[in-house]
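Asks: Got a sequence here, can you model it:
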Amino acid sequence: PTMGIRFIDRFRKGKTPEIPDTIAIGAPVPDINVELLTQTPEGELETLEVPVLDVLGEGTSVMVGMPGAFTPRCTREHLPGYIESADGLKKVGVDKVLIVTTNDKYVNKEWALSVGLYKDGKDVTDGLVSVVSDGDSSLVSELGLVVDKGPGMGFRSKRFALVSNQGNVTDLLTDDSGCENTKAEKVIDLLTVEVPEEESALDIGSASVLVASIVLLGALASMSPDDGMQSASSIPPAPTTEPVIEQSVPSSQKPLPKSKRPGYSLLNKYL
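Replies: Numbers count the residues shown, from 1 in each chain. Have a look, this model is predicted:
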C-alpha cells in the first residue's frame, strides 16, 4: 500500500503554497540574501552570498524569474534572449538584469556556462546579466511569485520579469505558459519612451525649417555682386506717377456737334 501511495504522489498536480500576495507596483523589493554567480579579476567564477538589493543597485534593473536551469524553454529561449539583447537593454536604461532560479549555485554555474554567458573567461554582457540562486525559494516566495511543482521539482519560481528603480517595483510581467510576455524584447518595448505623433511632427517640421534657413543663408553668403546681386545704391528708383485729376470743361469750350458746325450740310452725312 505504501508503495502505491508514493507512486501516485509522484504524479500529483503542482499546488501553490500559502505565500504572500504578488508584490504590488510601487512596493519595495524584499531585501533577501541570494547566491550570486560572479567573476573574479582573474576570470574565475565564484558564488557570493549577497543581499539582492546590493545586486540590483539604485538604477533601473530587471529581475527575471525562471522555473529552472537546464529546462528546455529557459535554456534555449528565455535566458539566451536576455544575453543577446544586452545592448538593446542598455539603450533603454537598464543597469542590471538578474536571472533568478531556485536551483543551487553549482547547477546555475554550469547552466550559465552552457548557454554562453561566459566565453573565454569573459562575461559577454559586460556584467549586465547575472545569475543568482534562490535555493530555498525565500526571495520568490516573498515576491508572491512561486509555485509548488510537486515531488522531484518542489518550489519553483514563476516565470516573470520585474522592473525596479531605486529598489521599488515599477512594472511586473508574468507568463503562465511560454515566455512571450517576459522575454527581453517585451522589456525593451516596455521601457522604450514613445514620442507623441504631434510632437514628433512638430520636431520634424521645425528641423526642416531650420535646415532650409541654413541652406538659404549659406547660399546668400556665398554670392557676390558679380553673381547678379545689386547693391541698394545701384538699383534705380521706381518711377513715380502723378495723380490724375479730372477737371470739368466749361460748356463754352466744349466742341459743337457736327450738325451745328458752320458749313455743315446734310449731304455730308451721305457723302
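Asks: where does the stretch 151-271 of the chain have low pLDDT?
Replies: The model of the stretch 151-271 of the chain has pLDDT under 70 over residues 194-213, 215-271.
Asks: 50 instead?
Replies: Applying pLDDT under 50 to the stretch 151-271 of the chain flags residues 200, 228-229, 231-232, 249, 264-271.
Asks: Do a quick rundown of the strands in the protein.
Replies: Using DSSP state E, the strands of the chain run over 33-39, 45-51, 60-65, 94-101, 118-119, 122-123, 129-133, 146-148, 155-157, 159-165, 168-175.
Asks: Out of those strands, flag the one nearest Ile188.
Replies: When these are compared by CB to CB, strand 94-101 sits nearest Ile188, at 8.4 Å. All C-beta atoms are positioned from the backbone trio N, CA, C, and that covers glycine.
Asks: Could you spell out the sheet neighbours of the closest one, each with its direction?
Replies: Counting by DSSP bridges, the strands paired with strand 94-101 are strand 60-65 (parallel), strand 129-133 (parallel).
Asks: Rebuild those as TSV, extending it with mean neighbour count and distance to Glu110.
Replies: Listed next are the strands paired with strand 94-101 as TSV, based on neighbours: other CB atoms under 10 Å; distance: least, CB to CB, whole Å:
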stretch	mean neighbour count	distance to Glu110
strand 60-65	24	19
strand 129-133	24	11
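Asks: Quick one: these as JSON lines, columns for distance to Tyr82 too.
Replies: Output for the strands paired with strand 94-101, formatted as JSON lines (distance: least, CB to CB, whole Å):
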{"stretch": "strand 60-65", "distance to Tyr82": "7"}
{"stretch": "strand 129-133", "distance to Tyr82": "6"}
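Asks: TSV please, covering these and showing mean pLDDT and distance to Ile25.
Replies: Converted to TSV, the strands paired with strand 94-101 look like this (pLDDT from 0 to 100; distance: least, CB to CB, whole Å):
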stretch	mean pLDDT	distance to Ile25
strand 60-65	98	14
strand 129-133	97	23
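Asks: of the ones you listed, which approaches Pro30 most closely?
Replies: Taking the strands paired with strand 94-101 one by one with CB to CB, strand 60-65 is closest: 11.1 Å.
Asks: Other residues contacting the closest one?
Replies: Residues outside strand 60-65 that contact it (CB atoms under 8 Å, 6 or more residues apart in numbering): 29, 52, 56, 78, 82, 89, 93-101, 140, 143, 145, 157-165, 170, 182, 187, 191.
Asks: and the angle from that strand to strand 159-165?
Replies: Per axes from the mean of the first three to the mean of the last three CA atoms, to 10 degrees, the angle that strand 60-65 makes with strand 159-165 is 160 degrees.
Asks: when you compare where strand 60-65 runs with where strand 168-175 runs, what's the angle?
Replies: Taking the same axes, to 10 degrees, one finds strand 60-65 and strand 168-175 inclined to each other by 40 degrees.
Asks: Extract the C-alpha set from strand 60-65 and format it as PDB.
Replies: Provided in PDB are the C-alpha atoms of strand 60-65 (Å, rounded to 0.1, in the frame of the first residue of the first chain):
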ATOM      1  CA  THR A  60      16.800  50.600 -13.400                       C
ATOM      2  CA  SER A  61      17.100  46.800 -13.000                       C
ATOM      3  CA  VAL A  62      15.200  43.800 -14.300                       C
ATOM      4  CA  MET A  63      14.700  40.700 -12.200                       C
ATOM      5  CA  VAL A  64      13.800  37.700 -14.300                       C
ATOM      6  CA  GLY A  65      12.300  34.600 -12.700                       C
END
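Asks: Understood, closing this out.
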